[in-house]
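Mind folding the following:
(one chain, ligands or ions: 2)
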Amino acid sequence: MAKEPVRVLVTGAAGQIGYALVPMIARGVMLGADQPVILHMLDIPPAAEALNGVKMELVDAAFPLLKGVVATTDVVEACTGVNIAVMVGGFPRKEGMERKDVMSKNVSIYKSQASALEQHAAPNCKVLVVANPANTNALILKEFAPSIPAKNITCLTRLDHNRALGQISEKLNVQVSDVKNVIIWGNHSSTQYPDVNHATVKTPSAEKPVRELVKDDAWLNGEFITTVQQRGAAIIKARKLSSALSAASAACDHIRDWVLGTPEGTWVSMGVYSDGSYNAPAGVIYSFPVTCRNGEWTIVQGLVIDEFSRKKLDLTGAELTEEKELAYSCLS
Ligand SMILES: NC(=O)c1ccc[n+]([C@@H]2O[C@H](COP(=O)([O-])OP(=O)(O)OC[C@H]3O[C@@H](n4cnc5c(N)ncnc54)[C@H](O)[C@@H]3O)[C@@H](O)[C@H]2O)c1
Ligand SMILES: O=C(O)C[C@H](O)C(=O)O
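Ligands and ions are numbered 1, 2, ... in the order given. Below is the predicted model of the structure:
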């Protein structure tokens with residue numbers, strides 16, 4: 001029997017991530033090749049015409065899984081009945097700006113959209129915040145939507161996770177699909193800590209630790225980390241626009257693994273409401289290694305954190321605490 005369609009909201013759908021993301025969702029990349037979807041697309045009035053153009057293209061693409069499209073500038077209409085909300089709407093970072101610089105513009109959007117989601121989304125709606133500052137926008141959304149369970153509100157650090165996999169794959173000249181269990185700790189910002197201490201590569205004989213294969217701790221503790229931390233800025237410099245296709249693809253990976261589960265023996269990175277695991281600050285949205293099963297994520301526990309890593313986990317945690325304060329000062 002055919003499955004009931006799932007309603008997926010994409011805010012900022014007329015923007016560049018939106019343009020890459022909505023066809024992926026309509027093709028089944030996010031929820032599976034047998035899962036019909038109804039797309040809800042929200043943007044602001046100046047983008048209404050462009051949004052309608054995206055809707056026209058979705059119709060023209062004749063996606064078999066796409067059972068309906070709502071394209072609107074009305075936040076209530078956009079949020080009504082949605083099962084999944086991918087929050088991309090906001091102002092992107094331009095060259096030379098830190099993600100914090102876009103804070104005041106974006107947190108107020110997340111405060112008001114929190115209420116709309118709380119009141120109108122389907123029960124148990126899963127929320128992924130992509131727009132920067134992603135962790136803090138997600139935190140504000142959580143704080144101003146108190147009836148949505150905290151476990152349902154996440155932010156995107158899967159792009160950073162995938163970037164780390166990509167760097168290791170390039171360095172070792174192995175397939176990216178053979179690399180797993182990197183971790184992004186903390187903030188989706190230049191203080192994030194891409195950690196390979198538990199990462200492995202599938203080789204013809206066995207799964208081997210990344211450190212053993214790379215045999216270059218100076219690179220792993222230096223250039224590798226800064227490359228991943230600065231990748232967003234490098235893309236902006238090269239494209240004069242922030243990453244879009246990789247961000248859209250990572251958003252699909254994030255939701256797919258959350259809903260359908262992570263493969264056995266594999267974890268992924270998600271920004272989730274911190275319970276203080278690994279002595280990260282509690283009460284911020286912090287990126288942890290997680291596994292997912294039955295639509296729920298669980299933080300992987302018991303990983304050994306060495307002294308080098310400890311400092312980096314603390315640094316990115318301190319930035320999130322500071323961002324939280326800044327966000328509240330922007331809102332007051
Ligand atoms: N977390 C990540 O890994 C990651 C990666 C890439 C980009 N980003 C962030 O994602 C966001 C979107 O990037 P983009 O390149 O698509 O930007 P964009 O400017 O192309 O698109 C953003 C869209 O949001 C719309 N918008 C603005 N305010 C809105 C509101 N109140 N409600 C609904 N829509 C609204 C704009 O009109 C625009 O169409 C930015 O904040 C960017 O920094 C995050
Ligand atoms: O760096 C940015 O602002 C864009 C995005 O967050 C990215 O990581 O590509």
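
what does stretch 17-34 contact?
3, 6, 8, 10, 12-13, 35, 37, 39, 41, 43, 54, 58, 61, 63, 65-66, 84, 86, 88, 130, 244-245, 247-249, 251-252, 255-256, 259-260 (C-beta atoms under 8 Å, 6 or more residues apart in numbering). C-beta here means a position set from N, CA and C on the backbone, and glycine is covered the same way.

Next step: those residues restricted to helices.
54, 58, 61, 245, 247-249, 251-252, 255-256, 259-260 (DSSP state H).

Which of the helices or strands spans whichever residue of the stretch 151-300 of the chain sits closest to ligand 2?
At 2.3 Å from ligand 2, residue 232 is the closest residue in the stretch 151-300 of the chain, using C-beta to the nearest ligand atom. Here residue 232 sits within helix 231-239, counting by DSSP states H and E.

Give the helix, strand or coil label for residue 108.
helix (DSSP: H, G, I helix; E, B strand; the rest coil).

what about it, how many residues close to it?
If you count neighbours by other C-beta atoms under 10 Å, residue 108 ends up with 14.

Return the members of the contacts of stretch 17-34 classed as buried.
Buried members of the contacts of stretch 17-34, scored by 16 or more other C-beta atoms under 10 Å, are 6, 8, 10, 12-13, 35, 37, 39, 41, 43, 54, 58, 63, 65-66, 84, 86, 88, 130, 244, 247-249, 251-252, 255-256, 259.

Of the residues you listed, which are in range of ligand 2?
Contacts with ligand 2 are made by none of the buried ones among the contacts of stretch 17-34, judged by C-beta under 6 Å from any ligand atom.

roughly how far apart are the closest residue to residue 295 other than its chain neighbours and residue 278?
Setting aside the residues directly before and after it, residue 295 is nearest to residue 259 in space (C-beta to C-beta, 6 or more residues apart in numbering), at 5.8 Å. According to C-beta to C-beta, to the nearest Å, residue 259 and residue 278 sit 25 Å apart.

Report whether the expected contact of the residue of the stretch 151-300 of the chain closest to ligand 2 with residue 243 is present.
Yes - if you go by C-beta atoms under 8 Å, residue 232 and residue 243 touch, sitting 6.2 Å apart.
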